[in-house]
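Q: quick one, structure for this:
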Amino acid sequence: MNKTWWKEAVVYQVYWRSFYDSNGDGYGDLEGVYSKLDYIQSLGVDVIWLNPCYDSPDVDNGYDIADYRSVMPKAGTMATFEKLLAAVHNRGMKLIMDLVVNHTSNQHAWFQESRSSIESPKRDYYIWRKQPNNWRSYFAPSAWTYDETTGEYYFHSFSDEQPDLNWENEKVREEVYDFMRFWLDKGIDGFRMDVINLLAKIPGFPDAERPEDISYLGNKQGIHEYLQEMHDKVLKHYDVFTVGEIPFVNPEDGVLYVGEERGELNTLFHFEVCDYMAHWDLQRFKKIQDRWYECLWGKGWNSQFLNNHDHTRVVSRFGNDTVYREQSAKCFATLIHTLPGMPYIYQGEEIGMTGIRFDSIDEYNDIAMKNKYKEEVGKGRDSEAVLKELQHLSRDNSRTPMQWNAGSQAGFTEGQSWINVNPNYKEINVEQALADENSVFYYYKQLIALRKSNEVMVYGEFETYLDQHDQIYAYTRTLGEESWLVLLNISEQPATCSISDLGVGKLGDIVIGNNPERTNQDAVIDFLPYEAIVYRV
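A: Got it, this is the predicted structure:
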C-alpha cells in the first residue's frame, strides 16, 4: 500500500461562522480562526478544513456563492485569509477549502446574465427548461423554479436561490478550473468538494417513478469524466489533498471515485451512516464498515466521521448526551480514530459538545429544516409535532457556537450570536476541558498522538470479531508483527465479553481506554456503558 502524508493525517473542520467572533458582530470570522490556531494546533491535527468563506448572500450559510474570488464581508477580507493561511503553514499544518461548484448563488453575475435573456451568451451556464419534471430538491418540493423574465424554469438541487451549473458546457468547466487555480496558487492545500457527484445529470430529465427518493440527483453517467478532466487540468499540477462529498453511493461506486490509479479524488465522504441511520444501529454500522473496507482496502482511501456541519453532534445522535456524555464521546472518538480511513473532527466534538432543542421554529436557522417545516405544516399537520419530528436531525444541532468558556455567549462573541448558544455552555466548554486532565479534549489529543507514532492505526489491516453481538464492536488492526484489539461497548448498558470468543490469544498492555480504573485482563471482561479499550495482542 502506498504511504502518503494525507493518509496519516487527522482533519479538523472549522465552521468559521460558529467558531469565534473577533469583532462583536455575532458571526465568527477568519480573524477569529486565526486567533485560535494555537488551540487547534495543540490538539495535534494536521489539516484544517475551512467551510466556505467566499462572497455570498448567505441564504445557505455560504454554500450559495456569488463570487468565487472574494471573501464574504462577514468572514473578513482577502488579506485576513492570506494571513490565516500563512499562519497555518507556519505551524506545520495544512488548510483545505470547500469547493462548491454544483451550484452558485442566484446573485452570481453568471446567473444574472443567464436569466436576462434566452439569447444571453451565458444562458447555457445553467439548466433551463420550458417545462419542469417531477423531481424534488434537497430543500424544496420541486427542483425547478419559474423565472418570469424569460418564461422558463431553472434547475436547482437545493434551494431556489442556488441554481445548478450546467457542467455539460465546457466554458463552465473552464471557469471552475480557473478559479480553482486562483486559490491553489495562493497556496491552499486542497479542497473538500461539496456534493461533487451531483455535477452530472440524467439526460433529458425524465420524470421519476418515486420523486421522494432523490438519488436521481447524483452519481450519474459522466461524473467520472468530469472529475478526471478536473484532475488532469488542475489537480495533478499541485501537491494537494482532495476529499469528495459523495452522496447516493455504495462501496462499489465509491472505489471508482478514489481508486489510486483512476486520477480523480484522494478520498471521500459517503453517507450510509449519517444520512440513512437516524439512530444508532450497531449491527447495521458493522456491515457498512465491512463492505467499505472490503471494496476500498488496497485500492483507495476512506474517511471516518460521525458528525459535521450538516449532521447532529454524535453524542446526541448516536450516544448519550446526559448521564454518559463524556464516556460516549470518548467511545465514539476511539471508534473513529481506530477504524480504517482518515479521521475527521468537527469543531466542539473534541470537548463533547451536544446537539440542541430550540423551543420554536423561529429560533432555527437551517434553511432545509425551515422549508420542510413550512411544507409539512402547509399540509395541515400539527406544528408542534412537525417541529419535534425535525429537531433530531436539524443541521442547527451542529451549528451552535463553539463553547469557549462559561462567560456570556460561551465566550464566542461580545455581541448577540447569529444563532443561540447551547444553554449547557457553562458545564461544557474549552476552558473547563483544558483544566481537566481526564477531559474529552485530552482523550482526543492522546488518540491523535497515538496515530502519529503507530502506523498500525493507519495502515493496519482490519478484522472483526463478535459480529452478532448487539453491544460490543470488536476488531483488530494488524501491521506486520504489531496487532491491536479494539473493544467498544457502544451502549448504555453494561456488557460482557469472553476473551476465548475472540481467538486473539493473550491480551497485552492497554494502549488507551476511557475507563481509568480498567485493569481487568481476566478471561471475561465486564464492560461499563460506553467503555472503550484498546489492547496490544
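
Q: report all helices and strands that the helix ranked longest in the chain contacts.
A: Using DSSP state H, we find that the single longest helix of the chain is helix 170-186. Applying 3 or more C-beta pairs under 8 Å, 6 or more residues apart in numbering; DSSP states H and E, we find helix 170-186 packed against strand 67-71, helix 223-233. Every C-beta, even on glycine, is put in place using the N, C-alpha and C of the backbone.

Q: rerun that using 10 Å as the cut-off
A: On a contact count with 3 or more C-beta pairs under 10 Å, 6 or more residues apart in numbering; DSSP states H and E, helix 170-186 meets strand 67-71, helix 78-90, strand 94-99, helix 109-114, strand 190-193, helix 223-233.

Q: tell me how far Tyr459 lies from Gly298.
A: 10 Å (C-beta to C-beta, to the nearest Å).

Q: please disregard the earlier target; I meant Thr77.
A: In terms of C-beta to C-beta, Thr77 sits 45 Å off from Gly298.

Q: who's more crowded, those two?
A: Thr77 (15 against 9; other C-beta atoms under 10 Å).

Q: ok, the more buried one - contacts?
A: Going by C-beta atoms under 10 Å, 6 or more residues apart in numbering, Thr77 touches Asp29, Leu30, Glu31, Ser70, Val71, Lys83.

Q: so Ile48 sits in a helix?
A: No: in this structure, Ile48 is strand, not part of a helix, as judged by DSSP: H, G, I helix; E, B strand; the rest coil.

Q: that one: neighbour count?
A: Ile48: 24 surrounding residues under other C-beta under 10 Å.

Q: give the contact list for Lys171.
A: Trp110, Pro121, Lys122, Asp124, Tyr125.

Q: list phi and psi for the second one.
A: In this entry, Pro121 is assigned phi and psi values of phi -60, psi -20 (degrees, to the nearest 10).

Q: hmm, back to that, of the contacts of Thr77, just say which sits nearest to Lys372.
A: Among these, Asp29 lies closest to Lys372 (C-beta to C-beta), at 29.6 Å.

Q: need the winner for burial among the helices and strands packed on helix 170-186.
A: Highest mean neighbour count among those (mean count of other C-beta atoms under 10 Å): strand 190-193, with a mean of 25.

Q: buried ones among the contacts of Lys171?
A: By neighbour count, with 16 or more other C-beta atoms under 10 Å, the contacts of Lys171 hold Trp110, Lys122, Tyr125 as buried.

Q: does the residue positioned nearest the centre of the chain have beta-bridge partners, and which?
A: For the chain, Asn308 is the residue whose C-alpha lies nearest the centre (C-alpha atoms, centre = their mean; 4.0 Å). Judged by DSSP bridges, the bridge partners of Asn308 are His311.

Q: remind me which residues of the stretch 401-537 of the chain are low pLDDT?
A: 520-521 (pLDDT under 70).

Q: ok so, going back, could you dump the helices and strands packed on helix 170-186 to JSON lines with distance to Gly244 and mean pLDDT?
A: Written out in JSON lines, the entries for the helices and strands packed on helix 170-186 read as follows (distance: least, C-beta to C-beta, whole Å; pLDDT from 0 to 100):
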{"stretch": "strand 67-71", "distance to Gly244": "18", "mean pLDDT": "98"}
{"stretch": "helix 78-90", "distance to Gly244": "22", "mean pLDDT": "98"}
{"stretch": "strand 94-99", "distance to Gly244": "9", "mean pLDDT": "98"}
{"stretch": "helix 109-114", "distance to Gly244": "23", "mean pLDDT": "98"}
{"stretch": "strand 190-193", "distance to Gly244": "5", "mean pLDDT": "98"}
{"stretch": "helix 223-233", "distance to Gly244": "8", "mean pLDDT": "98"}
